[in-house]
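Novice: take this sequence and fold it.
(chains A and B)
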Amino acid sequence: MNLILLSSLLGALGVICICLRRTVVGVLIGSQLLILGTSLSFIAASLGTEKASTGEIFGLFIVFGGVAQLVAGYALSARVFYLKRKIEMDDLRSLKR
Amino acid sequence: MMADAFTVLCAIFAVVATFSTNFKTSVLSLWMSGLAAGGLYLTLGTDTLAVIQWISATLVAVSFVFFSMMFGEFSEQPGEYKNLKKTAKNLVFILLGGGFAAVVYVGIQTGLKESGPTIPLTGDLSSMGKIIADYHFLSFEVLALLLFLVLVGGGVIARPDSGGSE
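Specialist: Residues are numbered from 1 along each chain as shown, chains lettered A, B, ... in the order given. Sure, this is the predicted structure:
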């Protein structure tokens, strides 16, 4: 029960952080919280079932997928930073010069 | 007891990471939240996932420090939540987060009603490797391809322009 509450809380905080932050790294922090909550929710959901290890494997995959998402976010941020010398989330509409 | 302590710690640090305007505090809280989640995994018996979570949380925190310093965001961000004070429309986002939490909570509760008998997790590396090789090999290959594409694509996207006006 506590695990499900924690996973839903982490997911909610991640969504709130993504929606409200104005800096790029702040948005990425929110996405990491969301991924942490999602991974935990898979483990919590599978904990009392016959396929408990499946949730664990899915949690593992989600952690690695989160790392991939973080690298992609850094790459896009670096691209925008090279182009505009600043990163404003409100102005992120194009990757062209 | 230990699981409850890790749960409370993880929740508290996640709240601080979400709402702190000081970036150092946010990154440190995210790191501590990840470490607490790893401890929670350890108490559940998923040893391998706990170790991977600790490594991942530490590397993510270090990368946040590096890139935020590069982007000039590693300091107090006084205007980070100014929209929250200015307009009430961001209440929609908070409600969205609450709705997400409700969907996860209700969905998992509904799924657990149809579950079978409790079987403990076997989180050691050998059993996980055997399960991946036997039942999830395609998912594992897709994940490997995804990581490779991100590695190459990240380098391509983030390259500096060679023919620019500068």
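
Novice: from now on I want contacts and neighbour counts done on CA atoms only, so please keep to that.
Specialist: Noted.

Novice: ok, longest helix in chain B?
Specialist: helix B:47-71 (DSSP state H).

Novice: could you do chain A as well?
Specialist: Assigned via DSSP H, chain A shows its longest helix as helix A:52-84.

Novice: for chain A, see how far away the residue most central in space within chain B is.
Specialist: Nearest residue to the geometric centre of chain B (Cα atoms, centre = their mean): B:Gly34, 7.3 Å. With the distance defined as Cα to the nearest Cα, to the nearest Å, B:Gly34 ends up 8 Å from chain A.

Novice: for chain B, which segments are assigned as helices?
Specialist: With DSSP H as the criterion, chain B has helices spanning B:2-19, B:23-44, B:47-71, B:82-86, B:91-113, B:125-135, B:137-157.

Novice: take those helices and write them to JSON lines, including mean pLDDT.
Specialist: Listed next are those as JSON lines, based on pLDDT from 0 to 100:
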{"stretch": "helix B:2-19", "mean pLDDT": "88"}
{"stretch": "helix B:23-44", "mean pLDDT": "90"}
{"stretch": "helix B:47-71", "mean pLDDT": "88"}
{"stretch": "helix B:82-86", "mean pLDDT": "57"}
{"stretch": "helix B:91-113", "mean pLDDT": "70"}
{"stretch": "helix B:125-135", "mean pLDDT": "82"}
{"stretch": "helix B:137-157", "mean pLDDT": "90"}
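
Novice: okay, those in a markdown table with distance to A:Arg21 next?
Specialist: Output for those, formatted as a markdown table (distance: least, Cα to Cα, whole Å):
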| stretch | distance to A:Arg21 |
| --- | --- |
| helix B:2-19 | 9 |
| helix B:23-44 | 11 |
| helix B:47-71 | 14 |
| helix B:82-86 | 9 |
| helix B:91-113 | 11 |
| helix B:125-135 | 37 |
| helix B:137-157 | 23 |
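
Novice: let me know which of those is tucked in deepest.
Specialist: helix B:23-44 (a mean of 23; mean count of other Cα atoms under 10 Å in any protein chain shown).

Novice: that one vs helix A:52-84, what angle?
Specialist: 160 degrees (axes from the mean of the first three to the mean of the last three Cα atoms, to 10 degrees).

Novice: other SSEs contacting helix B:23-44?
Specialist: helix A:24-46, helix B:2-19, helix B:47-71 (3 or more Cα pairs under 8 Å, 6 or more residues apart in numbering or on different chains; DSSP states H and E).

Novice: at 6 Å instead, please
Specialist: helix B:2-19, helix B:47-71 (3 or more Cα pairs under 6 Å, 6 or more residues apart in numbering or on different chains; DSSP states H and E).

Novice: out of these, flag the one nearest A:Leu60.
Specialist: In terms of Cα to Cα, the element of the helices and strands packed on helix B:23-44 nearest to A:Leu60 is helix B:47-71, at 6.4 Å.

Novice: quick one: that closest one to chain centroid distance?
Specialist: Distance, stretch centre to chain centre, for helix B:47-71: 10 Å (Cα atoms, centre = their mean, to the nearest Å).

Novice: for stretch B:27-46, same thing?
Specialist: 10 Å.

Novice: cool, and stretch A:22-42?
Specialist: With Cα atoms, centre = their mean, you get 3 Å for stretch A:22-42.

Novice: with stretch A:65-80 instead?
Specialist: 11 Å.

Novice: what lies in contact with that stretch?
Specialist: B:Leu147, B:Gly154, B:Ala158 (Cα atoms under 6 Å, 6 or more residues apart in numbering or on different chains).

Novice: kindly recompute the last result at 7 Å.
Specialist: For stretch A:65-80, contacts defined as Cα atoms under 7 Å, 6 or more residues apart in numbering or on different chains pick out A:Leu28, A:Gln32, A:Ile35, A:Ile87, A:Leu95, B:Leu147, B:Val150, B:Gly154, B:Ile157, B:Ala158.

Novice: pop out the phi and psi values for the last one.
Specialist: Spelled out, it's B:Ala158. The phi and psi values for B:Ala158, taken as degrees, to the nearest 10, are phi -90, psi 0.
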